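the sequence and its predicted three-dimensional model are supplied below.
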Amino acid sequence: MIEQFSGVCSMKFDLITQHSRLVTFHVSLLLMAILLSGISGEFVLWEKVEWSDVIGEGSIALLTIFWTLAVIMSRPSGKVTNLLVIGLSLVTFSAILDLFDEFMAPISAINWISLFESIPAAIGMLVMTYALYMWHLEQLALNQQLQRRELDYRWHQEIDAITLLYRGSYWKERASSFVSNKVPASIIIIDVVNFSYVNAQYGIVEGNRILREIAHLLLMNIRNTDLVCRYAGDRFVILLPQTNLQDAIELINQIERSIENVAFKPSNKNVSLFTKVKSVAGRLVLTETIEHTLSNLNQELDTLGEHAA
């Protein structure tokens, strides 16, 4: 029990460390709100403080701080997380000003601090609304992938333990059925560039984690009818039913951009690791074996790597 608790605490601390910039942004806004409150007026007498307002406004400020901490401790890095924290931080900024306003009397005829109480909160709510919409789309995509995995759960022995994708043997079986039934399809093979460097520099455990994150990105970029598997090592293969070669090439470009724009965060390392992939696409040849088709595509991929070098 103690070991499990320690593991959870360590994982939460790692998430906070990964979001150090967001934490700094949030704390900076809190300090700025307190500073602005201090220079905007003079303290009022205790008997003039509306304590019912203090309790209500203080509760809002504390809850928004708690919600921000919950987002930071529960979500990975990404656009949705950034937007949620920024939106919550702006609302917290306004809430802190509103709270301290109960203890301060304005020293000028124009109560300019009221602008800072309302405008950031409105902007923050708009940002959070957009973030929640993006979160909704993210969850829909993940749920679709989970549903597809549940439908094929009987093939669980074919699941790769590292990436949680199907193994190459399952992919070959599905592709062979396409050949037998004369179903047109395209194939994409993807290889992680210089992945051996990642294993050597950061260790096999971190390398496996990056493979798993790349697998998630691949799942996010394909359709429900497509099949992505871990082919071997750091190679992935995708089967695209009823897809022409041009559409497969467009998907390659989309996947490569998606992976190149993600910063992988090795544990216990204050660095951002960007990686690239090389890919080839081809048609599923209905007049030859799957092994022969894959062999030709793999040779093309290896040649592509030699030219790139």
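Perfect, I can see it now. Numbers count the residues shown, from 1 in each chain.

quick one, what contacts Phe264?
Phe264 makes contacts with 210, 213, 272-275, as judged by Cβ atoms under 8 Å, 6 or more residues apart in numbering. Where you see a C-beta, it was placed from the backbone N, CA and C, and this is true even at glycine.

go on, Ile159?
Applying Cβ under 8 Å, 6+ apart, we find Ile159 in contact with 165-167.

what's the answer for Ile189, then?
Contacts were defined as Cβ under 8 Å, 6+ apart; by that measure Ile189 touches 231, 235-238, 279-280, 294, 297-298, 301.

ok, 10 Å please
The neighbourhood of Ile189, defined by Cβ atoms under 10 Å, 6 or more residues apart in numbering, consists of 231, 235-238, 252, 278-282, 294, 297-298, 300-301.

which of these are buried, as a PyMOL select command?
In PyMOL, selecting the buried portion of the contacts of Ile189, with burial taken from 16 or more other Cβ atoms under 10 Å, looks like this:
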select buried, resi 231+235+236+237+238+252+278+279+280+281+282+294+297+298+301
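
in helices, which of the contacts of Ile189 appear?
Using DSSP state H, the members of the contacts of Ile189 that fall in helices are 252, 294, 297-298, 300-301.

what is the nearest of the contacts of Ile189 to Leu22?
In terms of Cβ to Cβ, no member of the contacts of Ile189 lies closer to Leu22 than Phe236, at 31.2 Å.

please name the bridge partners of the closest one.
With DSSP bridges as the criterion, the beta-bridge partners of Phe236 are Ile190, Arg230.

surely it touches Arg230?
Yes - here Phe236 lies in contact with Arg230, judged by Cβ atoms under 10 Å, at a distance of 5.9 Å.

give me the common contacts of those two.
When contacts are counted by Cβ under 10 Å, 6+ apart, the set common to Phe236 and Arg230 consists of 163, 165, 168, 171, 211, 214-215, 218.

quick one, helices of the protein?
With DSSP H, the ranges of helices along the chain come out as 2-18, 20-39, 51-74, 79-100, 113-151, 168-180, 195-202, 204-221, 245-260, 290-308.

show me where pLDDT drops low in the stretch 101-250 of the chain?
Counting by pLDDT under 70, the stretch 101-250 of the chain contains low-confidence residues at 105-115, 146-157.

for Gln87, the count of nearby residues, please.
Slight slip there: residue 87 is Gly, not Gln. Close neighbours of Gly87, defined as other Cβ atoms under 10 Å, add up to 25.

ok, Gln299 next?
The number of residues near Gln299, taken as other Cβ under 10 Å, comes to 11.

mind listing what it touches?
Val280.

residue numbering should commence at 46 henceforth.
Sure, I'll start counting at 46 from here, so that last one is Gln344.

can you get me a residue count around Gly213?
Using other Cβ under 10 Å, Gly213 has 18 other residues around it.

need the contact list for the nearest residue to it once chain neighbours are set aside.
Of all residues not flanking Gly213 in the chain, Tyr276 sits nearest, at 4.5 Å (Cβ to Cβ, 6 or more residues apart in numbering). When contacts are counted by Cβ under 10 Å, 6+ apart, Tyr276 is found next to 205, 210, 212-214, 216-217, 234-236, 282-283, 339, 343.

tell me which of these is nearest to Leu142?
The nearest one, if we look at those relative to Leu142 and count by Cβ to Cβ, is Leu210, at 49.4 Å.

returning to that earlier point: ok, and the most crowded of the contacts of Phe309?
Counting neighbours by other Cβ under 10 Å, Ile255 leads these with 21 neighbours.

quick one on the thing from earlier: report the two of the ones in helices among the contacts of Ile234 separated the most.
By the measure Cβ to Cβ, these have their two most distant members at Ile297 and Leu339, which lie 16.6 Å apart.
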